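1. build the 3D model from these lines:
(chains A, B, C and D)
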Amino acid sequence: MKVVVTTEPFNAWEYIQDYEQQMRSQALQWGAVTTFVGTMRDFNEGDDVQAMFLEHYSPMTENYLEKISQTAMFQWEIIDTLIVHRVGEIVPQDNIVLVAAWAAHRGTAYEASRFLIEELKHNAPFWKHETLTNGEKRWVAANTSGEAQTKI
Amino acid sequence: MKVVVTTEPFNAWEYIQDYEQQMRSQALQWGAVTTFVGTMRDFNEGDDVQAMFLEHYSPMTENYLEKISQTAMFQWEIIDTLIVHRVGEIVPQDNIVLVAAWAAHRGTAYEASRFLIEELKHNAPFWKHETLTNGEKRWVAANTSGEAQTKI
Amino acid sequence: MTVTVKFFASLREKVGTGSVQLNASTPLTVAQAWSQACNETPLPSHVLMAVNMEYVEPTTVLHDGDEVAFFPPVTGG
Amino acid sequence: MTVTVKFFASLREKVGTGSVQLNASTPLTVAQAWSQACNETPLPSHVLMAVNMEYVEPTTVLHDGDEVAFFPPVTGG
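-> Numbering: from 1, shown residues only, chains lettered A, B, ... in the order given. Predicted structure coming up:
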């Protein structure tokens, strides 16, 4: 189980690969891994976005992500979880979030990883502040479906 | 959209990374990717498994995987899909299958990638033949839940 | 007409061959092709079948040159 | 008792500060801490709140030294 909140850009696939190397001793136990990677787009609500600042409440953020990882470990038969989330200054194409769940069966891996990303999106204390190409700055507002929308 | 059926071992994360490099021109359009990787375990039905031979019906297999990829592209708003499946001689820890779906939203990415792996598991013409550590050989039989079980 | 009949995995081992050619003077259904290739036994209910690499039903009628395949439930992924 | 009140994101901008210290002679609830910190305005319904970095309700009672945080709906991931 690992949770990382970082200001550094990260390569999601190398991160997973490195983490799997570390858990190699458990390797023969798993059969399935589901991962989700969220990437910053260069548009939102019809506007061109140039950059974003991701604010968070440390260490409540890390505590919360560890808590949902533990909840997932109790709720499903999963072997391990990994959550990486970017904060600070971000530009389009940068990865924002990586979630992974290793399990013996695909159903479990899917459900656990989906649980992690939904809990993260709905409750982890992160806030996006966009800078548009036209110079305007605005906070991104949450909507009920969990997909980020912009409040002007 | 890409479908690969290969006798060569593959590194799932490097494969995804290379594929994303190729689709770089579309990069700014996507926001979410869900991936599933299935790995060969060293046990099944309580027995130690030493090796496996994965038989398939070529090119029906490839045709079928392309067909479900196209179905996914029509059914959900997804940007691209990737399916890689190993055939031939396989040993524990080798990756068997990789499925990935890129989309603008996480719900779409999750649903499309789950659709691909379920359709593949239930209908793509692959058959697993195990060699146990004790020398016994047996065909793996499907069960209704879609999780592979062994018929002795 | 002539059709090619293929068998895969455990079914190939049971039948004892991976492929046979069938000749028939009248059109055959897929189920009839199975019976003719397998010593007049009826088509088992769990067997899957494809014609020219597309899934079909036992009642599908074959045409000259078709490739019909029979195989057990799949176990990929 | 003394508690630290923190504000995040758009709420920090609206309140005009990220952190204030509150002193009170009697125990405060979270909602009362908001009012005392925010010019006696009522706690808006969409605002989220945490005490010592755990989510709480407006009726939660604060203790000396607690850190209470108020923030808008989250938009991570």
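2. how far away is the most far-flung residue of chain C relative to its centre from chain A?
-> Distance from the C-alpha centroid of chain C, by CA atoms, centre = their mean, peaks at C:Gly77 (24.1 Å). To chain A, C:Gly77 is 8 Å away according to CB to the nearest CB, to the nearest Å. Heads up, the C-betas are built off the backbone N, CA and C, glycines and all.
3. quick check: closest non-adjacent residue to that residue.
-> B:Lys121 (4.0 Å; CB to CB, 6 or more residues apart in numbering or on different chains).
4. again, but for A:Ile16
-> B:Trp13 (5.4 Å).
5. then A:Ala112?
-> A:Ala101 (3.9 Å).
6. and that neighbour, what are its phi and psi?
-> Main-chain torsions, A:Ala101, degrees, to the nearest 10: phi -130, psi 120.
7. residues in contact with it?
-> A:33-35, A:72, A:76, A:78, A:80-81, A:108-109, A:112-113, A:116 (CB atoms under 8 Å, 6 or more residues apart in numbering or on different chains).
8. can you name the two of the residues you listed that are farthest apart?
-> Largest separation among the contacts of A:Ala101 by CB to CB: A:Thr35 and A:Trp76, giving 15.4 Å.
9. quick one, which of these two is more surrounded?
-> Taking neighbours as other CB atoms under 10 Å in any protein chain shown, A:Thr35 and A:Trp76 compare with A:Thr35 leading, 27 against 19.
10. report the secondary structure state of that one.
-> Secondary structure, DSSP: H, G, I helix; E, B strand; the rest coil: A:Thr35 is strand.
11. report the beta-bridge partners for it.
-> A:Ala100, B:Thr35 (DSSP bridges).
12. right, and it touches B:Thr34 too?
-> Yes: A:Thr35 lies in contact with B:Thr34 (CB atoms under 8 Å); the separation is 7.1 Å.
13. shared neighbours of those two, anything?
-> Contact criterion CB under 8 Å, 6+ apart; residues bridging A:Thr35 and B:Thr34 by contacting each: A:Ser113.
14. up against chain A, what does chain C have?
-> Taking CB under 8 Å from any CB of the partner chain, the part of chain C that reaches chain A is made up of C:Gly77.
15. run through the strands of the chain in chain order.
-> I went with chain A, as the question did not name one. A:2-6, A:32-39, A:43-44, A:47-56, A:78-86, A:88-90, A:95-103, A:126-132, A:137-141, A:149-150 (DSSP state E).
16. try chain C instead
-> C:2-7, C:19-23, C:48-51, C:54-55, C:67-71.
17. hmm, stretch C:54-70 in reach of chain B?
-> Yes: Stretch C:54-70 reaches chain B (CB under 8 Å from any CB) through C:Glu54, C:Tyr55, C:Ala69.
18. contact partners for A:Thr54?
-> Residue A:54: Leu, not Thr. Shown in contact with A:Leu54 (CB under 8 Å, 6+ apart): A:Arg86, A:Val87, A:Gly88, A:Ile90, A:Ile96, A:Phe126, A:Trp127, A:Lys128, A:His129, D:Gly76.
19. of these, select the buried ones using a ChimeraX command.
-> Buried residues within the contacts of A:Leu54, by 16 or more other CB atoms under 10 Å in any protein chain shown, are selected in ChimeraX with:
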select /A:86,87,90,96,126,127,128,129 /D:76
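20. adding pLDDT and distance to chain B, write the contacts of A:Leu54 out as CSV.
-> Shown next, in CSV, are the contacts of A:Leu54 (pLDDT from 0 to 100; distance: CB to the nearest CB, whole Å):
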residue, pLDDT, distance to chain B
A:Arg86, 98, 14
A:Val87, 98, 18
A:Gly88, 98, 19
A:Ile90, 97, 13
A:Ile96, 98, 9
A:Phe126, 98, 15
A:Trp127, 98, 18
A:Lys128, 98, 12
A:His129, 98, 17
D:Gly76, 97, 12
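21. for chain A, what helix or strand is lowest in average pLDDT?
-> Within chain A, no helix or strand scores below strand A:149-150, which has a mean of 40 by mean pLDDT, DSSP states H and E.
22. name the nearest residue to the spatially most central residue of chain A, ignoring sequence neighbours.
-> Against the mean C-alpha coordinate of chain A, by CA atoms, centre = their mean, the closest residue is A:Val97 at 2.8 Å. Nearest residue to A:Val97, sequence neighbours excluded (CB to CB, 6+ apart): A:Gly38, at 4.3 Å.
23. which pLDDT value goes with the one you found?
-> You'll see A:Gly38 listed with a pLDDT of 97.
24. so who does it touch?
-> Taking CB under 8 Å, 6+ apart, one finds A:Asn95, A:Ile96, A:Val97, A:Leu98, A:Ile117, B:Gly31, B:Ala32, B:Arg106, D:Gly77 in contact with A:Gly38.
25. check contacts around A:Tyr19.
-> The contact partners of A:Tyr19, by CB under 8 Å, 6+ apart, come to A:Lys2, A:Leu82, A:Ala100.
26. okay, it: pLDDT?
-> 95.
27. quick check: residues of chain C near chain B?
-> C:6, C:8-10, C:48, C:50, C:53-55, C:69, C:71-77.
28. next, the contact list for the closest residue to chain D within chain C, please.
-> Proximity to chain D, evaluated over chain C using CB to the nearest CB, is greatest for C:Gly77 at 28.1 Å. By CB under 8 Å, 6+ apart, the contact set of C:Gly77 is A:Arg106, B:Gly38, B:His85, B:Ile96, B:Val97, B:Ile117, B:Leu120, B:Lys121, B:Ala124, B:Phe126, B:Ala148.
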